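Colleague: need coordinates for the following:
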Amino acid sequence: MMTGPGTGPLGDQQPGDAPGAAGPGGSGLADLAAAVERAVATAMLAWNRADQGLEVHVSPVQLRAIETIARQDRINLGGLAAELGVIPSSASRLCDRLEAAGLILREPAQADRREIIVTLSRDGQALCASLSRRRRAVVAAALAELSAPSRARLLDSLTEFARACEQQAVRRTGTAGSRPA
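Modeller: Next comes the predicted model:
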């Protein structure tokens with residue numbers, strides 16, 4: 001890939017330019033956002049390839065549900081539906097399939113027996129652990145191609161970027177994280 005002026009992933013913006021500063025013909029944040037989009041899309045392709053070949057076959061939406069449950073540890077059915085952006089009856093049918101596959105457990109909440117709490121089963125936890133190992137191996141292989149200083153800069157940048165994304169999410173929703181069970 002050529003990285004001369006105007007051809008690199010940051011367009012005309014050079015490392016060290018002020019955020020939002022446009023280079024001589026670049027649009028600053030727009031170019032940077034496009035570069036992040038390309039990098040994330042490429043990383044997601046590699047990430048999704050790690051999902052292939054799992055011992056247990058799950059659809060992408062089932063995998064999203066499993067990952068959401070794993071991240072929350074315990075979540076109610078309504079919270080899961082909200083996280084997935086589906087209606088509660090769709091989340092319930094999804095949970096039917098995951099429960100039949102032995103990947104999740106459902107139980108009534110202690111405080112309100114009408115509320116259903118969803119957790120991962122041992123098999124669901126093992127699936128998440130296996131997937132995490134596979135994904136980290138894919139990422140580690142790509143990181144191994146970077147120099148040590150590049151990896152250090154990437155870590156600093158990604159940490160700061162994640163913090164900024166979290167702050168935006170808090171401002172949009174008024175809460176950090178998602179709905180607990």
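
Colleague: average pLDDT across the helix or strand residue 30 falls within?
Modeller: Using DSSP states H and E, residue 30 sits in helix 29-51. Helix 29-51 carries an average pLDDT of 87.

Colleague: how close does residue 115 sit to residue 103?
Modeller: Counting by Cβ to Cβ, to the nearest Å, the separation of residue 115 from residue 103 is 21 Å. In short, each C-beta sits where N, CA and C put it, glycine included.

Colleague: between those two, who's got more neighbours?
Modeller: Using other Cβ atoms under 10 Å as the criterion, residue 115 and residue 103 rank with residue 103 on top: 25 against 15.

Colleague: element containing residue 105, please.
Modeller: In this assignment (DSSP H and E), residue 105 forms part of strand 104-108.

Colleague: wait, I meant residue 154
Modeller: Assigned by DSSP H and E, residue 154 falls in helix 148-173.

Colleague: how far off helix 29-51 does that helix point, in degrees?
Modeller: For helix 148-173 against helix 29-51, the angle by axes from the mean of the first three to the mean of the last three Cα atoms, to 10 degrees is 100 degrees.

Colleague: pull out the buried positions in the lowest-mean-pLDDT helix or strand in the chain.
Modeller: Lowest mean confidence among the helices and strands of the chain (mean pLDDT, DSSP states H and E): helix 29-51, at a mean of 87. Within helix 29-51, the residues that count as buried by 16 or more other Cβ atoms under 10 Å are 31, 32, 50.

Colleague: repeat that for stretch 123-142.
Modeller: Neighbour-count burial for stretch 123-142 [16+ other Cβ under 10 Å]: 124, 127, 128, 131, 134, 135, 138.

Colleague: return the member of those residues nearest to residue 46.
Modeller: residue 138 (5.0 Å; Cβ to Cβ).

Colleague: the closest one against residue 49, yeah?
Modeller: Yes. At 7.0 Å, residue 138 and residue 49 qualify as touching, with contact defined as Cβ atoms under 8 Å.

Colleague: could you list the low-pLDDT ranges of this structure?
Modeller: The chain contains residues with pLDDT under 70 at 1-27, 174-181.

Colleague: domains for it, by residue range?
Modeller: Residue ranges for the domains of the chain, per automatic domain parsing: 55-143, 145-174.
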